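Q: below is the sequence, then the predicted model.
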Amino acid sequence: MHPDNHRFGHAQILAVYADPEHDDLDPWSPPSIRGQVQAEWDLTGRASSAHDGLPVFVWSDAARRRRMAAGQTPGFALGAPWAYLQTLERDSLRTPEELELREEEPPAPVAPRGVVFLPTHGIQGQHLARRLAVHLQHVAGSATVGLSPADDAVPALRGAYTDLGHDIVPLGPTQDEPGTDEPRYLVRLRDLFARHERVIANAPRAELLFAAASRFPVALEGPAVGEQDPVLTGLGRWMATLDDTGWREYADRELGAAHVVTPEELRTLLDWNHRD
């Protein structure tokens, strides 16, 4: 399987959607996908490219048009794995052992709290983190700050937030090893959103689209929106003007909500029917 298909837990999400009872497809060791699923939002990350002549499954018509403009094969608009994740119950992504524990001791309900902030620090690192921590204090009081593994590994950067009373949540790796029982990145992200009321970031990133598509209020604000990159600066300025309705409509378009297929169609497209 193309390595990008393991990123963000995409293969697991699609396997659970295609076979929610796990009768034929093991989500903790997803079957090989005949093709490459777009891994990242192509306006902020690297775009998927054809690999050994295999098909490319992109998120949306917008992504197809951008690939065509770049001289690449357009690919097939399948919808983002996040759009499929939104149709799944959380328990369908738990192991049998986890489900058994839940039956023995149901978890206590968690009341949503405040803001989750997803910062982009770039080369400014802890220096920008200090400015962002102050900005957060002004707009949210205390917030939950989701850090990438690289940022979480820098004590001074973590301290910039914790010194002002913000909580740190490690987002964890974007690529998990096949065969593990760990929830994948997007599942962890959905769980994080569910514990909060609002999601903000200081630079354009796919997680804002994910939150908006899940009908959370989102905002793009704070120092260094766009990180001085001309493309991201322009995108960031435009995104900062969106209201809740604008965010939701834009997220649905970019994530290809209208392109989500049925489980049966997905099995055919990904060449999973031979496992019936």
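A: It's in.
Q: residue contacts, the closest residue to residue 134 other than its chain neighbours?
A: Excluding its sequence neighbours, the residue lying closest to residue 134 (CB to CB, 6 or more residues apart in numbering) is residue 164, at 6.9 Å. Yep, even glycine has a C-beta here, placed from its N, CA and C like the rest. Shown in contact with residue 164 (CB atoms under 8 Å, 6 or more residues apart in numbering): 133-134, 136-137, 142.
Q: closest one to residue 80 out of those residues, please.
A: Relative to residue 80, the closest of those is residue 136; by CB to CB it sits at 28.1 Å.
Q: secondary structure element for the closest one?
A: helix 125-140 (DSSP states H and E).
Q: return the distance of that helix from the chain's centre.
A: 23 Å (CA atoms, centre = their mean, to the nearest Å).
Q: same thing with stretch 21-41?
A: For stretch 21-41, the distance to the chain centre is 16 Å (CA atoms, centre = their mean).
Q: then stretch 9-24?
A: On CA atoms, centre = their mean, the centre of stretch 9-24 falls 17 Å from that of its chain.
Q: what's it in contact with?
A: 1, 5, 25-28, 30-31, 33, 37, 39, 81, 84-85, 87-88, 92-93, 176, 178, 183-187, 263, 266-267, 270, 272, 275-276.
Q: now, of those residues, which are buried?
A: 5, 25, 27-28, 30-31, 33, 37, 39, 81, 84-85, 92-93, 176, 183-187, 263, 266-267, 270, 272 (16 or more other CB atoms under 10 Å).
Q: ok, back up a step: out of the contacts of residue 164, which is nearest to residue 238?
A: Using CB to CB, these come closest to residue 238 at residue 136, 22.9 Å.
Q: so that closest one touches residue 118, yeah?
A: No: counting by CB atoms under 8 Å, residue 136 does not reach residue 118; the two are 11.4 Å apart.
Q: list the residues that contact both of these two?
A: Joint contacts of residue 136 and residue 118 (CB under 8 Å, 6+ apart) are residue 145.
Q: circling back to that earlier point, who wins on neighbours among the contacts of residue 164?
A: residue 136 (25 neighbours; other CB atoms under 10 Å).
Q: show me the contacts for that residue.
A: Neighbours of residue 136 in contact, by CB under 8 Å, 6+ apart: 115, 117, 142-143, 145, 161, 164, 166, 222.
Q: can you tell me which of the residues you listed are buried?
A: Buried among the contacts of residue 136 by 16+ other CB under 10 Å: 115, 117, 143, 145, 161, 164, 166, 222.
Q: still on that earlier bit, among the contacts of stretch 9-24, which ones are in strands?
A: residue 37 (DSSP state E).
Q: and the contacts of stretch 9-24, which of them are in helices?
A: 81, 84-85, 185-187, 263, 266-267 (DSSP state H).
Q: just the strands in the stretch 51-200 of the chain please.
A: Counting by DSSP state E, counting those that start in this stretch, the stretch 51-200 of the chain has strands at residues 56-58, 76-77, 115-118, 144-147, 167-170, 198-201.
Q: for the shortest one, packing partners?
A: Think strand 76-77. The elements that strand 76-77 packs onto, with contact taken as 3 or more CB pairs under 8 Å, 6 or more residues apart in numbering; DSSP states H and E, are strand 56-58, helix 61-69.
Q: send over stretch 114-125 as PDB, restricted to the C-alpha atoms.
A: The C-alpha trace of stretch 114-125 is given here as PDB (Å, rounded to 0.1, in the frame of the first residue of the first chain):
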ATOM      1  CA  GLY A 114     -13.700  26.600  25.900                       C
ATOM      2  CA  VAL A 115     -11.200  26.800  23.100                       C
ATOM      3  CA  VAL A 116      -8.800  24.400  21.500                       C
ATOM      4  CA  PHE A 117      -6.000  26.200  19.800                       C
ATOM      5  CA  LEU A 118      -3.900  24.600  17.000                       C
ATOM      6  CA  PRO A 119      -0.800  26.700  16.500                       C
ATOM      7  CA  THR A 120       1.700  26.900  13.600                       C
ATOM      8  CA  HIS A 121       5.000  28.100  14.900                       C
ATOM      9  CA  GLY A 122       7.300  27.700  11.800                       C
ATOM     10  CA  ILE A 123      10.900  28.700  12.300                       C
ATOM     11  CA  GLN A 124      10.000  31.300  15.000                       C
ATOM     12  CA  GLY A 125       9.300  28.400  17.400                       C
END
